[in-house]
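Colleague: Sequence first, predicted model second:
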Amino acid sequence: MTGGEESKYEMNFSGVSTINSNECERCALFLSVLGETRAAFHEMNQPLQIILGTAELIEMETTDTVIMGYLKEILEQTGRLSAIIQNTHTMIKQASEHKEHDDGQPIAVSQ
């Protein structure tokens, strides 16, 4: 998504009265995949933060304008990637925790 665009994903389980075993297995698989995906995004964020921190340290130490240009790009792009990871992590967290917050209202996630 580019800046200014908004995407909404809704999940609404109100009105679901019976779930057969096949649907139950699919829901369990879906929640399992969400949990694994959430963990993967968390793990991706760790090395990204190290790259970001290292670039910031180099930026404080250098006066070379060419290196500063490269660092500016690294910092901008790692910031963008970090925001994408955080937004996706939050969306997955909200979707996976929906079962505990079943108030009949859909989950709307904006990016």
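Modeller: Nice, I can see it.
Colleague: State the distance from Met68 to Cys24.
Modeller: 56 Å (CB to CB, to the nearest Å). Where C-beta positions appear, they are placed from N, C-alpha and C, glycine not excepted.
Colleague: after the longest helix seen in the chain comes which helix or strand?
Modeller: Ranked by residue count and defined by DSSP state H, the top helix of the chain is helix 21-61. Downstream of helix 21-61, the first helix or strand assigned by DSSP states H and E is helix 65-96.
Colleague: between that following helix and helix 21-61, how big is the angle?
Modeller: Per axes from the mean of the first three to the mean of the last three CA atoms, to 10 degrees, the angle that helix 65-96 makes with helix 21-61 is 160 degrees.
Colleague: Could you measure from Ile50 over to Met60?
Modeller: Taking CB to CB, one finds Ile50 at 16 Å from Met60.
Colleague: next one: Ile51
Modeller: For Ile51, the distance to Met60 - CB to CB - is 15 Å.
Colleague: With neighbour numbers in mind, choose between these two.
Modeller: Taking other CB atoms under 10 Å, Ile51 and Met60 do not tie; Ile51 has more neighbours (15 against 8).
Colleague: Output the contacting helices and strands for the longest helix of the chain.
Modeller: helix 65-96 (3 or more CB pairs under 8 Å, 6 or more residues apart in numbering; DSSP states H and E).
Colleague: Buried residues in the helix it packs on, which are they?
Modeller: 71, 74-75, 78, 82, 85, 87-89, 91-96 (16 or more other CB atoms under 10 Å).
Colleague: do the same with stretch 24-43
Modeller: 34, 38, 41.
Colleague: any idea which helix or strand of this protein has the worst average confidence?
Modeller: helix 21-61 (a mean of 86; mean pLDDT, DSSP states H and E).
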